[in-house]
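Enquirer: just a sequence and a predicted model for now, questions to come.
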Amino acid sequence: MKKLYIETYGCQMNFADSEVVAAILQDLYELTQNVQEADLILINTCSIRDKAEQRIHKRLHELEALKKKHRTLQVGLLGCMAERMKEELFETEPILNFIAGPDAYRDLPKLIQDSVQGEPTFNVLLSEEETYDNIMPVRYDLNGVSAFVSIMRGCNNFCTYCVVPYTRGRERSRSPKTILMEVEQLLKEGYKEVTLLGQNVNSYCWEENGEKMTFAKLMAAVAEMSPGLRVRFATSHPKDISDELLETIAKYDNICKYIHLPVQSGSNVMLKRMNRVYTREYYLERVRKIKELMPDCAISTDIIAGFCGETLEDHQQTLSIMREVGYEYAYMFKYSERGGTMSAKRFEDDIPDEEKTRRLEEIIALQGELSFASNQRDVGKTFRVLIEGQSKRSADQLYGRNSQNKVIIFPKGNHQIGEYIDVTVTRCTAATLFAD
Ligand code: 5AD
Ligand code: SF4
């Protein structure tokens, strides 16, 4: 059988999609981890920031050497960059045999076959229905402990800086029946943790026979399948983080006490310009509610530095909301203008790059302090950890995560990957907890 090598960039959704792609092609190709022996290379791409796209261009150029050696090698580009740049990519990237957007993966066997005839092929049609509902993803990460389950696709939020509504199309939910079937199958295979994924999972909604399945109800249904199964989810929009959802997370021990709640900015002026549809005050009220219901819940966030027109005062507001919430973790970025978005059309990208860098560095330094302080508060506490693998630093150590999504490293002893164990934290860095 021919060999397929998939390389994935960007968000967890993309990783989940690559597993769907592997499933669609499983009768034609077997997966390989070795790019040198591949007959087909697929690059699943991200467009979220210019840097992400530059990285992929660089990678495609590196692969040219491989294609010279191996004449029949086919290279295809998938994902958000395919959707954003469409056929234009064939001009800048002659290595490509075909491209497929995020809703076109069922068409891959045909695209591949037609491109063998010579001309490059593409399908970048977006769909209002496609959820790859009936496809059981091929898990190729091989950790066998933790899996992603995609529950919805697309995004209707139109944050002004973001390409996702354009690259992934409108929001649509997957049927609860197939989601639960997929989780059932994972349980049978011995998986211990699922992460329910979507661009905005809280707006998950499925109506059938007059009954409405909300995200909170779906999570409860998944959590009830097995007490030994941990349930995580990502990503949440603050506007939809309802009391019903928080009460559900609080109610089930096996729903992890970890919420990723992107704030983007602490300034109401910026939030408005970003079309985030919440204020700083509303966001802080939601955080208060989370802490009230679950004092041990960890919160992480996404932050953009140097958005259009951001003043020093706006930037200070971001630093102050970070302190007020005391985030456990943050993903922090410089604003990167994306063609076609509202902010590219309406606002000037007017913060010089050096100033964006300076603000970002301040944000990163503060988050370092907050993460370290949060980790120090955990020293002396005991946590239940799901063991995920061997520590990179030493073969005598294992690592896993606690409910709060923090990585804990501890001595191997007789323990196995996939087991739950209770460990007591003895020391920490800003990034990691260590236990006996
Ligand atoms: N520039 C910088 N960061 C961005 N993000 C999304 N679009 C942009 C952009 N144009 C960030 C947001 C989002 C995360 C996935 O990426 O913080 O939550
Ligand atoms: Fe990147 Fe966004 Fe597409 Fe995910 S959805 S791959 S983060 S552009």
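Expert: Yep, it's here. Ligands and ions are numbered 1, 2, ... in the order given.

Enquirer: who's in contact with residue 192?
Expert: Residue 192 is in contact with 145, 146, 228, 229, 230, 386, 418, 420, counting by Cβ atoms under 8 Å, 6 or more residues apart in numbering. Quick note: C-beta positions are derived from backbone N, CA and C, even for glycine.

Enquirer: repeat that for 6 Å
Expert: 145, 386, 418 (Cβ atoms under 6 Å, 6 or more residues apart in numbering).

Enquirer: where along the stretch 51-200 of the chain do the strands fall?
Expert: For the stretch 51-200 of the chain, the strands defined by DSSP state E, counting those that start in this stretch cover 74-79, 98-100, 121-123, 146-150, 152-153, 172-173, 193-197.

Enquirer: figure out the length between the terminal residues of stretch 163-174.
Expert: In stretch 163-174, first residue to last residue: 22 Å (Cα to Cα, to the nearest Å).

Enquirer: is it anywhere near ligand 1?
Expert: No. Applying Cβ under 6 Å from any ligand atom, one finds stretch 163-174 separated from ligand 1 by no less than 6.8 Å.

Enquirer: residues of that stretch that come out buried?
Expert: 163, 164, 165, 166, 167, 168, 169, 171, 172, 173, 174 (16 or more other Cβ atoms under 10 Å).

Enquirer: what does stretch 212-228 give?
Expert: Neighbour-count burial for stretch 212-228 flags 213, 214, 215, 216, 217, 218, 219, 220, 222, 223, 225 (criterion: 16+ other Cβ under 10 Å).

Enquirer: most widely separated two among those residues?
Expert: 214 and 225 (17.5 Å; Cβ to Cβ).

Enquirer: one step back: and the buried residues of stretch 212-228, which of them are in helices?
Expert: 215, 216, 217, 218, 219, 220, 222, 223 (DSSP state H).

Enquirer: who's in contact with the fourth one?
Expert: Spelled out, it's residue 218. residue 176.

Enquirer: endpoints of stretch 226-238, how far apart?
Expert: Stretch 226-238 end-to-end distance (Cα to Cα) = 28 Å.

Enquirer: the top helix by length along the chain: what's the following helix or strand?
Expert: The longest helix of the chain (DSSP H) is helix 353-378. Later in the chain than helix 353-378, the nearest helix or strand by DSSP states H and E is strand 382-390.

Enquirer: in that next one, which residues are buried?
Expert: Neighbour-count burial for strand 382-390 flags 383, 385, 386, 387, 388 (criterion: 16+ other Cβ under 10 Å).

Enquirer: go on, stretch 21-41?
Expert: 21, 22, 23, 24, 25, 29, 32, 38, 39, 40, 41.

Enquirer: now it: how far from the chain's centre is it?
Expert: 23 Å (Cα atoms, centre = their mean, to the nearest Å).

Enquirer: so what touches it?
Expert: With Cβ under 6 Å, 6+ apart as the test, stretch 21-41 has contacts from 1-5, 74-75, 105, 108, 135, 137-138, 140.

Enquirer: likewise for stretch 55-63?
Expert: Against stretch 55-63 from outside (Cβ under 6 Å, 6+ apart): 45, 93, 95.

Enquirer: who wins on neighbours among these?
Expert: residue 45 (30 neighbours; other Cβ atoms under 10 Å).

Enquirer: and that one, what does it touch?
Expert: With contact taken as Cβ under 6 Å, 6+ apart, residue 45 is in contact with 9, 56, 77, 79, 80, 81.

Enquirer: helices along the protein, start to end?
Expert: Along the chain, counting by DSSP H, helices occupy 12-24, 50-69, 80-85, 88-92, 108-116, 164-168, 176-188, 215-223, 243-251, 268-273, 280-293, 312-325, 342-346, 353-378.

Enquirer: most packed of those?
Expert: Of all the helices of the chain, helix 80-85 has the most neighbours on average by mean count of other Cβ atoms under 10 Å, namely a mean of 25.
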